[in-house]
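Student: Sequence and computational prediction follow.
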Amino acid sequence: MAPPAPTNRTRAGRGGARRLRGGSAALGGDRYRPAAMEEFRRAYAKLCAAPQEAVLRRLRERGEAPGRARLDLAEQSLSLETCGALGRLLPGAAHFAEVALGDCGLSEDGVKLLLHGLCSNSTVKSLDLKEAVAVDRWSVAAWSLGGFPFVFSVNECGCSSLTRASHWLGNNLRTTGAEALGKLLRQNKSIRSLILEWNSLGVWEEGFSFFCQGLGANNFLQRLDLRNNQINHHGAGELAMALKRNASLQELDLRWNNIGLLGGRALLNCLQSNKTLKKLELAGNNVPSDILKAVEQAMDHNRDRQTILSETQNRTSVLSKEILNLKDEKTKQFLDLMDTIDKQREEIARSGRISAGRVSQLQEALNEQHSIMNSLKAKLQMTEAALALSEQKVHNLGELLSATKQEQASMAERHFAELQQQKQEGADREGKLFRDLSASNEKNLFLRNQVDELKKKCKVQQDQIFQLKQDLTNTTAELKLRAVQAEERLEMEKRRFKQSLEDMESLRLKEVDHLTQHMEASERSMQDRVQRLEAIRIALEEELSQVKAAALTERGHAEEELIKVRNQARLEEQQRVEHLEEKLRLMTEARDEAQNCCLKQKQMVGEAQVKANQLNLHADGLRRRIEELQQDLNSKEQEKVTEVNKVKVELQEQIGHLQAERTAQEGLREKIAALERQLKVLSSNHREALLDKEGEISMLMEKLRMKEADISRMKEEEAQRASILQNAIMAYVQGSSLGTHSLRK
């Protein structure tokens, strides 16, 4: 006689535990709405011609009480009409996450109608079809004897009895109910937990086989409770076949059945192909201890495997996040480069505007000088007209002078001496003027030499800038090559890791088919993303190169325009100087002609003092004009000095801009070096992670080999014990059959 099962309790105890479970539901579920429960109750009342008052009362109580979205009709004897109404309402009941139908006295047709309604439901996560022993308040214990549930009860008169519990089960899940359960498992995709305790499904072999087929086709159920269902070794074999095909079940409770040695072996053999089951309870099934230990080892192996898979998934997610962070940093650096390029463009535009303003200022100065020259020309014309008038007056006075020649001969000699002195003074003044002109010419030559030197310096700086740009392009190309090499190394390491995984998968293909498909799909998606990002990066680099080329062309055009403007200014200055020199030469020629005229007049009018005074006045006027011309020359020299200073300031500003560009290029070089260091660190980290993974894989392979050796050894020991255990089982079966026969009597 087997020991009493700890899960078998009286109806009152089980009902209290069920109420506690309903009150302390998990916090993570969705909260239902009382209005939705009221609508469900009204719909049920409309569908049923004679609705059950107990069901309506229970629905009203659940609508008023706060808690999870739970449909609890446990311990309610549901009629066929009620089952049909619930089956029609459950497909659209989107607010229920749990359904409890234990101890409801369901018939075959009622179970079929309810489960048919749940087939199209997509919100129910937990289904409770647990049965209780329908005994009175005097029953004290229930247990399994020889694979059948029995209840020991005491009535009010004090008489005790031992009765088989199959006559008092609350529900009647037989062949039709088992087939409906199999159909539910095939079609429903939302149920994660199914409780079928105390239903005697193992008695009906055909229906249990349909149930096992549905379990094998289901890929969503995670917990299954089959305690006290009279499952024998044939049913255990069907379960083992279903577990080989199932890839989602994590917990299976088979306690207090009659699985035996053969069923335990079948379940142990199925665990070689099922790697998702984490918990398998086999207590109270007459299974040998060595098989139980082997099952526990298989469960430990499955748990270890799940933990390893979760760790690998976490690491892959971490690596993908690091790759995304690197890509974000690259995009940020690219945006920084674009900002610097925009700033350089703004500086170039600003310098162009400044140069245009300066050119306009120079043009205005040239226009002012042209106006001054025009005024000088007008003054010369006035002086020529005055000279013509003076010649006419001289011709008119010639006759008078001829008459006074004899009288003023002595006066002429005196005036002749004075004129010689004036000639000497004029010659001295002319020498001074020539010296001043030579000094101004030397200054102009010195300034031109300085301008040439500054041009040479500008050319040298431009060459340096060009060399720096070439260095920058070379460094960018080297960085691209290094990045491509790093990506190739990563791809090689990924391929090596894939090959090692494929080797492991080839050894255990039956175990990880589902996982390999998932990993390949994720890797393909990651490769597609990496290729898209590389295409985006290449396009951005091409745009950056185009922008740089445009900036270089714009800068070259600006420099050419500056050179043209400077050449034009120099040509205009040279023309102006030549024009002034020609004017000076004409003035000297005019002065020589005036002196000749004066000599003639002195010869002709040497005796006329009035004419000499007029000539003195004319000479004073010429002196004043010469002084004015000297002042004009001095002002022009000052303007030249100011223009040269302006050119110097412009060159200094350009030098400052070039130095700023050089500092910016040094900052870019430092950023490039930092990126190289980051790439090296990342490559070293990836290598260490790959080495760690290879070490873990080797350790897992060693563990698998050890476990396979243990399994082979255990199989040999089981083969040796098989002959001994078979005789013991036969003796036990004969003894149990005799015991049951005597108890029935």
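Tutor: Received, thanks. Numbering: from 1, shown residues only.
Student: now the nearest residue to Ala49 once chain neighbours are set aside: how far from Leu106?
Tutor: Spatially, and ignoring its direct neighbours in sequence, Ala49 is nearest to Glu81 (6.9 Å; Cβ to Cβ, 6 or more residues apart in numbering). C-beta here means a position set from N, CA and C on the backbone, and glycine is covered the same way. Note on Glu81: its distance to Leu106, by Cβ to Cβ, to the nearest Å, is 13 Å.
Student: for the residue nearest to Ala49, what are its contacts?
Tutor: 48-50 (Cβ atoms under 8 Å, 6 or more residues apart in numbering).
Student: Please identify which of those residues is nearest to Met699.
Tutor: Closest approach between those and Met699, by Cβ to Cβ: Cys48, at 63.2 Å.
Student: Let me know the helix or strand that the closest residue in space to the closest one that isn't next to it in sequence is in.
Tutor: Among residues not flanking Cys48 along the chain, Ala85 sits closest, at 5.0 Å (Cβ to Cβ, 6+ apart). Assigned by DSSP states H and E, Ala85 belongs to helix 80-89.
Student: List the residues that contact the residue lying closest to Leu80 once chain neighbours are set aside.
Tutor: Distances taken as Cβ to Cβ, 6+ apart put Gly110 closest to Leu80, at 5.2 Å, once the chain neighbours are dropped. Contact analysis of Gly110 by Cβ under 8 Å, 6+ apart lists 78-80, 82-84.
Student: mind listing what's buried in the helix or strand hosting Gly110?
Tutor: Assigned by DSSP H and E, Gly110 belongs to helix 108-119. By neighbour count on 16 or more other Cβ atoms under 10 Å, the buried set for helix 108-119 is 108, 110-119.
Student: Dump these to JSON lines, plus distance to Lys183 and pLDDT.
Tutor: Output for these, formatted as JSON lines (distance: Cβ to Cβ, whole Å; pLDDT from 0 to 100):
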{"residue": "Glu108", "distance to Lys183": "14", "pLDDT": "84"}
{"residue": "Gly110", "distance to Lys183": "15", "pLDDT": "88"}
{"residue": "Val111", "distance to Lys183": "11", "pLDDT": "88"}
{"residue": "Lys112", "distance to Lys183": "9", "pLDDT": "89"}
{"residue": "Leu113", "distance to Lys183": "12", "pLDDT": "90"}
{"residue": "Leu114", "distance to Lys183": "12", "pLDDT": "90"}
{"residue": "Leu115", "distance to Lys183": "7", "pLDDT": "92"}
{"residue": "His116", "distance to Lys183": "8", "pLDDT": "90"}
{"residue": "Gly117", "distance to Lys183": "12", "pLDDT": "89"}
{"residue": "Leu118", "distance to Lys183": "10", "pLDDT": "91"}
{"residue": "Cys119", "distance to Lys183": "6", "pLDDT": "92"}
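Student: Out of the residues you listed, which comes closest to Arg496?
Tutor: Cys119 (47.7 Å).
Student: Count the residues that sit near the nearest residue in space to that closest one that is not next to it in sequence.
Tutor: The shortest distance from Cys119 to any non-neighbouring residue, by Cβ to Cβ, 6+ apart, is to Gln187 (4.3 Å). Counted with other Cβ atoms under 10 Å, the neighbours of Gln187 add up to 16.
Student: now Gln187: how far from Leu90?
Tutor: Remark: distance between Gln187 and Leu90 (Cβ to Cβ) = 13 Å.
Student: and what of Asn121?
Tutor: Distance of Asn121 to Leu90, computed by Cβ to Cβ: 5 Å.
Student: list residues touching both of those two?
Tutor: Common neighbours of Asn121 and Leu90 (Cβ under 8 Å, 6+ apart) do not exist.
Student: Give me the mean pLDDT for the helix holding Ala85.
Tutor: Averaged over helix 80-89, pLDDT sits at 90.
Student: any idea how far that helix is from the chain center?
Tutor: Mean-position distance between helix 80-89 and its chain equals 53 Å (Cα atoms, centre = their mean, to the nearest Å).
Student: For the helix or strand just after that helix, name the packing helices and strands.
Tutor: With elements assigned by DSSP H and E, the helix or strand that comes after helix 80-89 is strand 98-100. When contacts are defined as 3 or more Cβ pairs under 8 Å, 6 or more residues apart in numbering; DSSP states H and E, strand 98-100 sits against strand 70-72, strand 126-128.
Student: Strand partners (parallel or antiparallel) of strand 98-100?
Tutor: Using DSSP bridges, the strands paired with strand 98-100 are strand 70-72 (parallel), strand 126-128 (parallel).
Student: What segments of the stretch 551-700 of the chain are helices?
Tutor: Secondary structure of the stretch 551-700 of the chain, counting by DSSP state H, counting those that start in this stretch: helices at 609-744.
Student: what's the answer for the stretch 301-450 of the chain, then?
Tutor: Secondary structure of the stretch 301-450 of the chain (DSSP H, counting those that start in this stretch): helices at 409-507.
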